[in-house]
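>>> Could you look at this predicted model? Sequence included:
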Amino acid sequence: MPFSTIIGHQRPIKWLQTAVKTNHLGHAYLFHGEAAIGKRQTAKALTQFLHCEHPHEDSLPDACGTCRSCHQVEEAIHPDCLIIEPEDAQKPNPKIKVDQIRAIEHLMIYRPLIGSHKVCVIDSAEAMTTEAANALLKTLEDPPDHCLFLLISSRPEHLLPTIRSRCIALRFSPLPLTDVYDFLMQHASMEPTDAKLVATFSEGRLGQALHLDPEELKVKLRQYWTLLFGEHLTSATQIFEISDSLVKSQQVPEAIQWFQQGLRDLLLLTLEESNAPMLYRDQEPALRQLAERITASAIIELSQELNQLERGQQRNLNMQIGLEQFFFHLHDQLEHASA
Ligand SMILES: [Zn+2]
């Protein structure tokens, strides 16, 4: 997947191409930005370019994407390239362990066989254990000349500051929703309404968009709409029950994401920005009625409450109580304004 096939991210890509072209490529980079938006693809494209047997040397250099080296990078079997990522990715909270980082030493001892660099990609770098991070730090303090480290992280604040300071940080931003929509229409042959739904829910993360099933999204859209603004809001017992069942079925992270989207749509309507892409577009009449009963600042407060809840998950906060409070506050706001 050469640079030319990546959708968006022109700025970091151009930065890297220029660094290679002018011989200013650093030893370590940190690609950061939301999950599933193209950081790993860009790391692969750079690795391919550095090893490509027939690179394009146009105004902006790129890999051919078809030579043996390019294929080996694509399939993660290139002898000069090592990809490290958390083991047991299916488990909650998977980690990168110190043994995985020690494998870097074996990679780095010899000079590269084909291209100019030995490349080590560390995906989800924030998942390194303290021991692993300290081992990496030692290597980063004195990296051999032919080595390039590409750290990828959607939560760079969880990396050791001493590691961050040794990397050149490149920020990756979500794509405009229209770009995701166009891509889905052209390459995933979706119906326009489905592509719109998927693009909106992807929040500009193309990798995420490609994994979403529009039919599944439609079912969830109805389900979470009812959970957010349904009749249960007027009954404490039902609020307790719904919060309990969301926690027990481990749906809290997903619920928070859908609730945030619902509040966002509501906010757009209170601000009279109804042309912006809305996830709950088919609920617009009901949303309009709700929008008349709540202020923009109250919606923002509720959304911040969800943010806190989201962060609280990592600190083992009591999710049930948090959700109950959120529903009660939402109810209060809607009642308060209509009273
Ligand atoms: Zn090639």
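Noted; the coordinates are in hand. Numbers count the residues shown, from 1 in each chain.

>>> Look at D145 and report its pLDDT.
With respect to pLDDT, D145 has a value of 86.

>>> what does K14 give?
Reported pLDDT for K14: 93.

>>> gap between the two ends of stretch 21-41?
End-to-end distance for stretch 21-41, by CA to CA, to the nearest Å: 20 Å.

>>> Buried ones in it, by neighbour count?
For stretch 21-41, burial by neighbour count (16 or more other CB atoms under 10 Å) applies to 25, 27-34, 36-41. All C-beta atoms are positioned from the backbone trio N, CA, C, and that covers glycine.

>>> Could you do stretch 73-87 as well?
Buried residues in stretch 73-87 (16+ other CB under 10 Å): V73, E74, H78, D80, C81, L82, I83, I84, E85, P86.

>>> Quick check: of the buried residues of stretch 21-41, which lies closest to C67?
Q41 (18.2 Å; CB to CB).

>>> name the element the closest one belongs to?
helix 39-51 (DSSP states H and E).

>>> and that helix, is it in reach of the ion?
No. On the criterion CB under 5 Å from the ion, helix 39-51 is out of touch with the ion, staying 6.2 Å away.

>>> Are there helices or strands packed against that helix, and which ones?
When contacts are defined as 3 or more CB pairs under 8 Å, 6 or more residues apart in numbering; DSSP states H and E, helix 39-51 sits against helix 10-21, strand 28-32, helix 68-74, strand 118-122, strand 147-153.

>>> ok, now with 10 Å
Applying 3 or more CB pairs under 10 Å, 6 or more residues apart in numbering; DSSP states H and E, one finds that helix 39-51 contacts helix 10-21, strand 28-32, helix 68-74, strand 81-84, strand 118-122, strand 147-153, strand 168-171, helix 206-209.

>>> Same question for the helix or strand of the chain with the lowest mean pLDDT: list its buried residues.
Using mean pLDDT, DSSP states H and E, the weakest-scoring helix or strand in the chain turns out to be helix 319-338, at a mean of 85. Residues M319, Q320, G322, L323, E324, F326, F327, L330, H331, Q333, L334 are the ones in helix 319-338 that count as buried (16+ other CB under 10 Å).

>>> Kindly report the same for stretch 3-20.
F3, I6, G8, H9, P12, I13, L16, Q17, V20.

>>> Kindly report the same for stretch 149-169.
Buried-residue list, stretch 149-169, by 16+ other CB under 10 Å: 149-154, 156, 159-160, 163-164, 166-167.

>>> Between these, which sits nearest the ion?
Using CB to the ion, L150 comes nearest to the ion of the buried residues of stretch 149-169, at 18.2 Å.

>>> For the closest one, give me its contacts.
16, 28-31, 39-40, 42-44, 46-47, 81, 83, 119-123, 125, 167, 170 (CB atoms under 10 Å, 6 or more residues apart in numbering).

>>> Residue numbers of the protein in contact with the ion?
Residues of the chain lying close to the ion (CB under 5 Å from the ion) are C52, A63, C64, C67, C70.

>>> low pLDDT regions in this structure?
Residue ranges of the chain with pLDDT under 70: 314, 336-339.

>>> now with 50?
Along the chain, segments meeting pLDDT under 50 span 338-339.

>>> mind giving me the domain split of it?
3-171, 213-338 (automatic domain parsing).

>>> could those go into CSV alongside distance to E191?
Formatted as CSV, these follow (distance: least, CB to CB, whole Å):
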stretch, distance to E191
domain 3-171, 20
domain 213-338, 8
